[in-house]
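Chemist: Sequence plus predicted model, see below.
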Amino acid sequence: MKELTHVIRKGNRPAAKPDIPLDCFAAVPRGAEEVAARELEALGIEGAKVGRGGVSFVTNREGLYRANLWLRTASRILVQLAVFPCSSPEELYQGVHALGWAGLITPAMTLAVDCSLRDSSLTHSGFVALKTKDAIVDRIREACGSRPSVDTSSPDVRINVHLLKNVCTVSLDSSGDALDRRGYRLERTEAPLRETLAATIVALTGWDGSIPLVDPMCGSGTIPIEAALMAARIPPGLQRPFGFQRWLGYDRNVWDRLLKEADNGVRQIPVGLVTGYDQDSQSLARATKNAAKAGFQGQLHFFHAALEAFRPEAERGVVIINPPYGKRLGEEEELKELYCQIGDIMKQRCRGWTGFVITGNLELAKYIGLKASRRFVLFNGPIECRLLKYELY
């Protein structure tokens, strides 16, 4: 806690050493943990440990900034402050109150507390968040004579409390808004695929940008745009702010250098490398606007076409299809024909390509009629899904 205070309060104290270790946790969609670990390794952050729903790692301040900027699969990155046993409101208050909050938050700043619970004596997340807030502001009032205010929508510092089996972990949320909020999606469709899951899907296909990638049911364009960001080497966090930028010790020089490095590495992708198709004209209009906002106007094209009209032009490539799962009553029967059609189109028109279908309905997946060479377990929110890989010889 003392070392972290030095990192965050650089503006008010002597500058911190750049190699002070920070214990971090990147929360990811379940099933994306191994992909996130590989992302961290590619960023030069070694020793990441895969866990359920996330990856823990140790880095310095620059590494924390870099991870927020570049991780495509993470939903947020937490910096751990303390871990202590907690089976009662008193233990919670005392454990939180013992931390040096005056070194992290001034009375002029705002804060918010997020809470998650599992298998613990304390069962009401709202109560835990309130008790945590009380302990923090009491400690700051004792040290400074006044207390900070609460702002649940846009706080200067967001605190995360996680209670698992009567063990409490207190962390700072360095991301602010969830990292899937890239800044390019102007409107959200009825059942959008989160950007983090779309990036995970593209990563699991093994696509490296050397062959075409097509999404024949692209909706608002999330999968093609995430693929284009990868191919163009554009960091997913380039267009958005982060929580750490409001911390007391935010180092603007380090952040500006990371942005300049990223900008120097961006490349233009060739027309036709990534394309999307959909029969819904409103979805395509959104996809086109989103792609332009992401910086791909003139590079990423979307076409108005029903699935049965889809015919890939290249001899080989990657096709990714995200069909409806049929979760509404009576919908599953109607979708059997669609899944049969997906199988027929891949078998007859996509020879030489590699096909991928993401679905949350394994019964419907049987109607594709092809044998999957590999299955990846992923979660689209609470829905357990499979990413099915098909070698289309």
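Modeler: It's in.

Chemist: and stretch 248-260, how far out from the chain's middle?
Modeler: Chain-centre distance of stretch 248-260: 22 Å, with CA atoms, centre = their mean, to the nearest Å.

Chemist: phi, psi of V167?
Modeler: Torsion angles at V167 (phi, psi; degrees, to the nearest 10) stand at phi -120, psi 120.

Chemist: Kindly report the same for Q268.
Modeler: The phi/psi pair for Q268 (degrees, to the nearest 10) is phi -80, psi 140.

Chemist: Equivalent analysis for E313, please.
Modeler: Main-chain torsions, E313, degrees, to the nearest 10: phi -90, psi -30.

Chemist: do K336 as well
Modeler: Listed backbone geometry of K336 is phi -60, psi -40, with angles given as degrees, to the nearest 10.

Chemist: neighbours around it, how many?
Modeler: Here the count is done by other CB atoms under 10 Å, and K336 has 14 residues near it. All C-beta atoms are positioned from the backbone trio N, CA, C, and that covers glycine.

Chemist: Let the chain start at 225 from now.
Modeler: Done: numbering now begins at 225, and the last item shifts to K560.

Chemist: Can you name the residues that contact it?
Modeler: By CB atoms under 8 Å, 6 or more residues apart in numbering, the residues touching K560 are L588, Y591.

Chemist: Relative to C574, how far out is it?
Modeler: According to CB to CB, to the nearest Å, K560 stands 21 Å off from C574.

Chemist: Which helix or strand in the chain has the lowest average pLDDT?
Modeler: One helix or strand of the chain scores below all others by mean pLDDT, DSSP states H and E: helix 226-232, with a mean of 48.

Chemist: so how far is the next helix or strand after it from its chain's centroid?
Modeler: Downstream of helix 226-232, the next assigned helix or strand under DSSP states H and E is strand 246-251. Distance of strand 246-251 from its chain centroid, counting by CA atoms, centre = their mean, is 14 Å.

Chemist: tell me the contacts of V259?
Modeler: Counting by CB under 8 Å, 6+ apart, V259 makes contact with V252, T297, T424, A427, L428.

Chemist: how would you label the last one: helix, strand or coil?
Modeler: Pointing back at L428 there. helix (DSSP: H, G, I helix; E, B strand; the rest coil).

Chemist: Could you find the closest non-adjacent residue to it?
Modeler: What sits nearest to L428 in space, not counting adjacent residues and going by CB to CB, 6 or more residues apart in numbering, is F600, at 5.3 Å.

Chemist: pLDDT score for that neighbour?
Modeler: Looking at F600, its pLDDT is 98.

Chemist: cool, and the one 5 residues further on?
Modeler: The predicted structure scores G605 at 89 on the pLDDT scale.

Chemist: Could you report the neighbour count for it?
Modeler: Around G605 there are 12 residues (other CB under 10 Å).

Chemist: Could you do K571 as well?
Modeler: Neighbourhood size, K571 [other CB under 10 Å]: 16.

Chemist: That one is in what secondary structure piece?
Modeler: According to DSSP H and E, K571 maps onto helix 555-573.

Chemist: Quick check: can you name the pairing partners of the next helix or strand after that helix and their directions?
Modeler: Moving toward the C-terminus from helix 555-573, the next helix or strand (DSSP H and E) is strand 578-583. Strand pairing for strand 578-583, using DSSP bridges, gives strand 542-545 (parallel), strand 607-615 (antiparallel).

Chemist: closest one to L264 among these?
Modeler: strand 607-615 (21.2 Å; CB to CB).

Chemist: Sounds good, over and out.
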